[in-house]
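Undergrad: Model the structure of this input:
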Amino acid sequence: MMKEAQMMAISAVAVVLSIIAIGSAVILKPTATIGAGAVGSNELADNSVTGAKVADGTITDADIVSGGISRIADGAITLAKLAADAIVSLENIADNSITSINIQDGTITDADISSTAAIDPSKLATYPFGLDDLATDSVNSAKVVDNSITSADIQDGTIQTEDIAENALTQTAENFADAVAITTQEEPNYENLDSARIDITTDNSPVLILFSGVFSNNIAGRRVRVGLVIDGNLYITATRTGTSVGASDPFVLAFNCMPTLSAGPHTIQVIWWVDIGQGTAYNRTLDIVELKR
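TA: I've put the predicted structure just below:
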């Protein structure tokens, strides 16, 4: 009976010890009993994995959630951390972020400057520009201000004949006739001599007027007179008189004068008359030379 009671006591003690052993195993969870791959995200406590637990070089793009890196310290990313060609387009560069100090000296070329840049000349080191800044043949007539070139700007002896525009220095006109003309107009009246008229437009310039012709009077010892009318006004100093020694003997009448005419159109007309008898005009020439200032 006693032996049976001892056995029951020993069995009870063994059961208690077994329960204690199992409880210790559950509570303590010794590492040696965790198999490979047995610990998943559910078994890890929040914030339990630190940088020290992560092997260097094992984090890949696939491990990072889009937009998930938000705790990088200011200035923490250095050039050494960027791969070659990591910044590949303008979209990666913030507006107004590149300043002069970020650009290597001597690297800006013509191709880098926009054709619409409209750079103010004052920004150029050589402004205001001098003769050395102009390329050969770079200045044409369109770039020269009207009336800006004076005699002092022109090298002596460089103006050629082909450089002078037609009628730029002088303007000439001539009227010649060899047809016979007759008048019986007696003084003090007069009439226009046929083919001895010139219409001309001048500047405010002196005009040299030259006339010569062959005349006669059909009565011996009688006269023929010629004169000049400018714009309907008699120019008295140009009047000349000739006499036929014998009936219809020819003689030459000629005059020259140099009035200054205002700018604009003008009519220059040779007139003639006789004191008595009939006057005849033969060859005659009227020449005008405007002497422009």
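Undergrad: Report the separation between residue 81 and residue 72.
TA: 10 Å (C-beta to C-beta, to the nearest Å). Heads up, the C-betas are built off the backbone N, CA and C, glycines and all.
Undergrad: again with residue 238
TA: Residue 238 is 106 Å from residue 72, by C-beta to C-beta.
Undergrad: Residue 291 too?
TA: Distance from residue 291 to residue 72, by C-beta to C-beta: 90 Å.
Undergrad: Between those two, tell me which one has more neighbours.
TA: Between residue 291 and residue 72, residue 291 has the larger neighbour count (other C-beta atoms under 10 Å), namely 15 against 8.
Undergrad: Next up, the contacts around the more buried one.
TA: With C-beta atoms under 8 Å, 6 or more residues apart in numbering as the criterion, the residues that contact residue 291 are 170, 205-208, 258.
Undergrad: out of these, which are buried?
TA: Those of the contacts of residue 291 that meet the buried threshold are residue 207, by 16 or more other C-beta atoms under 10 Å.
Undergrad: now the contacts of residue 291 as TSV including pLDDT, secondary structure and distance to residue 127?
TA: Formatted as TSV, the contacts of residue 291 follow (pLDDT from 0 to 100; DSSP: H, G, I helix; E, B strand; the rest coil; distance: C-beta to C-beta, whole Å):
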residue	pLDDT	secondary structure	distance to residue 127
170	86	strand	45
205	94	strand	44
206	96	strand	48
207	97	strand	50
208	97	strand	52
258	96	coil	53
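Undergrad: what's the closest of the contacts of residue 291 to residue 268?
TA: The shortest approach to residue 268 among these belongs to residue 207, at 8.0 Å (C-beta to C-beta).
Undergrad: ok, the closest one to residue 288 distance?
TA: In terms of C-beta to C-beta, residue 207 sits 6 Å off from residue 288.
Undergrad: what residues do those two have in common as contacts?
TA: Here residue 207 and residue 288 have 200, 268 as joint contacts, going by C-beta under 8 Å, 6+ apart.
Undergrad: just the helices in this protein please.
TA: 2-28 (DSSP state H).
Undergrad: Now do the strands in it.
TA: 170-177, 181-183, 191-202, 205-217, 223-230, 233-234, 240-243, 251-257, 260-261, 264-274, 279-291 (DSSP state E).
Undergrad: Save these as JSON lines, and put in distance to residue 118 too.
TA: Below are the strands of the chain laid out as JSON lines (distance: least, C-beta to C-beta, whole Å):
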{"stretch": "strand 170-177", "distance to residue 118": "47"}
{"stretch": "strand 181-183", "distance to residue 118": "72"}
{"stretch": "strand 191-202", "distance to residue 118": "46"}
{"stretch": "strand 205-217", "distance to residue 118": "47"}
{"stretch": "strand 223-230", "distance to residue 118": "58"}
{"stretch": "strand 233-234", "distance to residue 118": "61"}
{"stretch": "strand 240-243", "distance to residue 118": "71"}
{"stretch": "strand 251-257", "distance to residue 118": "61"}
{"stretch": "strand 260-261", "distance to residue 118": "51"}
{"stretch": "strand 264-274", "distance to residue 118": "47"}
{"stretch": "strand 279-291", "distance to residue 118": "49"}
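Undergrad: Out of those strands, which is closest to residue 109?
TA: strand 170-177 (55.4 Å).
Undergrad: Let me see the residues that make contact with the closest one.
TA: 194-198, 200, 202, 283-292.
Undergrad: Make a PyMOL selection of whichever of those turn out to be buried.
TA: Buried subset of those, written as a PyMOL selection, criterion 16+ other C-beta under 10 Å:
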select buried, resi 194+195+196+198+202+284+285+286+287+288+290
